[in-house]
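Visitor: coordinates only, sequence not included:
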Ligand SMILES: [Zn+2]
């Protein structure tokens, strides 16, 4: 195991430290990647693993988890909270989705390899040393620099319906403004898939995007963490519950991709209702005048749940996620 924790993972009280990964390179022959970690433990109880910056350009998780690491007191909890605000530290430090060291997308690199690249080693450590300790795992995402989302918590449709129910209940406890029963485009290599394969309760989020976080999106993260820890039996108190809109992503007609390159002109905004075959965006030429735009159409009825940012698209880019409203609670 090339990664070592500089703090005990099983000691009572609060410990702030690092996961230390030796990484020899031109500017530091015996250097290390230092991934910040906080472990807060008190008594005997469940363990929650809370992670941010799986993708390095998504900020609600890092902000809310940094706050949690300095505000949560050991005597307030029963059990253990393991906090990794920047699990993909190299990407986070660079402000990029993927690691600048090996180019890897962390959320396509699980379960990782002990003898692999930097990203693979981080994934392997988390999958084999941290996830097995956890009863419940919350992994924060948002859209990063090229997507923007309605703020939602999500759980996956799973073969094990008991586990699925546990994940859905935890998602409802998180109580984001939107709650999604999620279908992934490609689940291979995801942290989600690794955690679920170990039988754990897993919740993920998409809380915004466009390369930043807002007061509102961080507030959703902050409330969601507290609710999740109460739901898990780690923190005492009452859930703060606000109305949430339930969304389904039944199949791949939820996704619209660009068949052209150019200047994108959205005709609807996040949260707006759309119907099948409705034009949801136009793509104008970016290099000449006098040409009509190409239309992008919704493939099903629903609401616009995610969109592309910033203003230019390439052929093959994601344009829209249209999710289906199932109920409002
Ligand atoms: Zn992400």
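Guide: Sure thing, it's come through. Keep in mind that this is a model prediction, so the values were computed, not measured.

Visitor: and the helix or strand containing residue 65, which residues are buried?
Guide: Using DSSP states H and E, residue 65 falls within helix 60-71. Across helix 60-71, burial judged by 16 or more other Cβ atoms under 10 Å covers 60-66, 68-69. Yep, even glycine has a C-beta here, placed from its N, CA and C like the rest.

Visitor: how about stretch 149-164?
Guide: By 16+ other Cβ under 10 Å, the buried positions in stretch 149-164 come out as 149-156, 158, 163-164.

Visitor: cool, stretch 81-93 as well?
Guide: Neighbour-count burial for stretch 81-93 [16+ other Cβ under 10 Å]: 81-92.

Visitor: restricted to helices, list the residues you listed.
Guide: 89-92 (DSSP state H).

Visitor: of those residues, closest to the ion?
Guide: Set against the ion, the nearest of those by Cβ to the ion is residue 91 (10.2 Å).

Visitor: what is the burial count for the residue nearest to that closest one when sequence neighbours are not counted?
Guide: Residue nearest to residue 91 in three dimensions, not counting chain neighbours: residue 56, with 2.7 Å by Cβ to Cβ, 6 or more residues apart in numbering. Applying other Cβ atoms under 10 Å, we find 25 residues neighbouring residue 56.

Visitor: helix or strand for residue 56, which one?
Guide: Element membership for residue 56 (DSSP H and E) is empty, with no helix or strand holding it.

Visitor: hang on, the earlier thing: rebuild the buried residues of stretch 149-164 as CSV, extending it with distance to residue 170.
Guide: What follows is those, written out as CSV (distance: Cβ to Cβ, whole Å):
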residue, distance to residue 170
149, 19
150, 20
151, 17
152, 14
153, 9
154, 11
155, 7
156, 12
158, 13
163, 11
164, 11
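
Visitor: list the buried residues of the lengthiest helix in the chain.
Guide: For the chain, the longest helix by residue count, based on DSSP H, is helix 215-231. Buried residues in helix 215-231, counting neighbours by 16+ other Cβ under 10 Å, are found at 217-218, 220-231.

Visitor: list the contacts for the closest residue in space to residue 266 that isn't next to it in sequence?
Guide: In space, and not counting its chain neighbours, residue 266 is closest to residue 281: 4.9 Å by Cβ to Cβ, 6+ apart. Counting by Cβ atoms under 8 Å, 6 or more residues apart in numbering, residue 281 touches 264-268, 295-296, 307, 319-320.

Visitor: can you give me phi and psi for residue 281?
Guide: The phi/psi pair for residue 281 (degrees, to the nearest 10) reads phi -160, psi 160.
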